[in-house]
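*Asks:* Need the 3D shape of this:
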Amino acid sequence: MNDDRSAFWHSIAGQYATVMLLMAVSAGGLFLIGDPAGLIAMKTASVPLLFLASRGLDAIFISDASRRPWSAAFFERHFLDSVVFACWLTVVMWSPSLTAAGQIRSFLLTVTIMTAIKALLSGFGSESDDRQE
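*Replies:* The predicted structure is shown next:
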């Protein structure tokens, strides 16, 4: 079934729309929590960097080895995805009152938890896909 609505989100215009929508949502949320305008601009400008880094990882991990569950490339892909997201989250959650130790602890905790969850969900999900074929 060829659905024109789903085709839009896979097009270049759809990908830009996704980035712009996330930028608008993050700017609105940051405004509502009371961040100053300069900080909102800095944090909102980090959204396209998240998408660029994610697309770069997609380009690096195009082989089937990164999709094979429980391989080194599989864990490396999920670890790097988690690092990219945690870096973006660190920028977005930054405030002048945070300490460096607290930020580092939060970053490491985010990477650890997100890597474990992504690997488990992808690993068990792909194993069930393999059994159905």
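*Asks:* Going by C-alpha atoms from here, please, whenever you check contacts or count neighbours.
*Replies:* Noted.
*Asks:* And the residue sitting nearest the centre point of the chain, how far from Ala7?
*Replies:* The centroid of the chain falls nearest to Phe85 when counting by CA atoms, centre = their mean (4.3 Å). Applying CA to CA, to the nearest Å, the value for Phe85 to Ala7 is 26 Å.
*Asks:* just to revisit the earlier point, excluding sequence neighbours, find me the nearest residue to the residue nearest to the centre of the chain.
*Replies:* Spatial nearest neighbour of Phe85, excluding adjacent residues (CA to CA, 6 or more residues apart in numbering): Leu50 at 7.0 Å.
*Asks:* can I assume the one you found is in contact with Ser82?
*Replies:* No. Leu50 lies out of contact with Ser82 (CA atoms under 8 Å); the separation is 11.2 Å.
*Asks:* Of these two, which one has the most company?
*Replies:* Legend: neighbour count by other CA atoms under 10 Å for Leu50 and Ser82, higher for Ser82 (23 against 19).
*Asks:* Does that one touch Val111 like I think?
*Replies:* Yes. If you go by CA under 8 Å, Ser82 and Val111 touch, sitting 5.1 Å apart.
*Asks:* Now do the helices for the chain: every range, in order, please.
*Replies:* For the chain, applying DSSP state H gives helices covering 4-10, 12-32, 37-60, 72-93, 100-132.
*Asks:* Report the angle between the second one and helix 72-93.
*Replies:* Meaning helix 12-32. Counting by axes from the mean of the first three to the mean of the last three CA atoms, to 10 degrees, helix 12-32 lies at 40 degrees to helix 72-93.
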